[in-house]
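Enquirer: next one to model:
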Amino acid sequence: MPHRSTILVLIEEIEILNQLYERIVLPEAVLAELIDEGATPEVRGWAMRDPDWVEVRNAPPHESLLSELDAGEAAAIAMAQSEANVLLLIDEKAGRLEATRRGIQNMGTLGVLRRAAIENLIDLPSVLEKLPPPIGWQPTAARCASLASISFH
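Expert: Next comes the predicted model:
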């Protein structure tokens, strides 16, 4: 399975982050994961292009409580915790639970896609069909409408 944080690259919808959010800050540890040999060629290629709407920074030091998470998740949580008015984009369950426990507002890929659909940036049923297993699902009209809280016809 691809690293879940790369799904928007793999389904060719990564640009919606630029359209939805004022600023995208990526910890260096996450960038290292994206350009690692284990990443897909698409993800490595995107990360190495260094989009001008993505700011890469060092994360502040973080305590050992985050050692249960991978380096990218720990850095992202530490960075989010050190700044005000942050929405942390994170998919991994353990990372989301830790971010929530720390009071950090967070959202996963499906939440990003939901917001993009509400703002009419994407056709949600079409995009959901592109999600890779095991994240992919059958995007019935009812499921899409439920996810996006809007009607699809």
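Enquirer: just the helices from this structure, written as ranges.
Expert: Residue ranges of the helices in the chain, as given by DSSP state H, are 7-10, 15-20, 28-35, 41-48, 71-81, 93-101, 109-118, 124-129, 141-148.
Enquirer: most tightly surrounded among those?
Expert: The highest average neighbour count among the helices of the chain, using mean count of other CB atoms under 10 Å, belongs to helix 71-81 at a mean of 23. From N, CA and C alone the C-beta is placed, and that goes for glycine too.
Enquirer: flag the shaky bits of the protein, pLDDT-wise.
Expert: Counting by pLDDT under 70, the chain has low-confidence residues at 1-5, 64-65, 133-153.
Enquirer: show me how it divides into domains.
Expert: Structural domains of the chain, as assigned by automatic domain parsing, span the residue ranges 4-109, 111-148.
Enquirer: what's the neighbour count on Asp50?
Expert: Neighbourhood size, Asp50 [other CB atoms under 10 Å]: 9.
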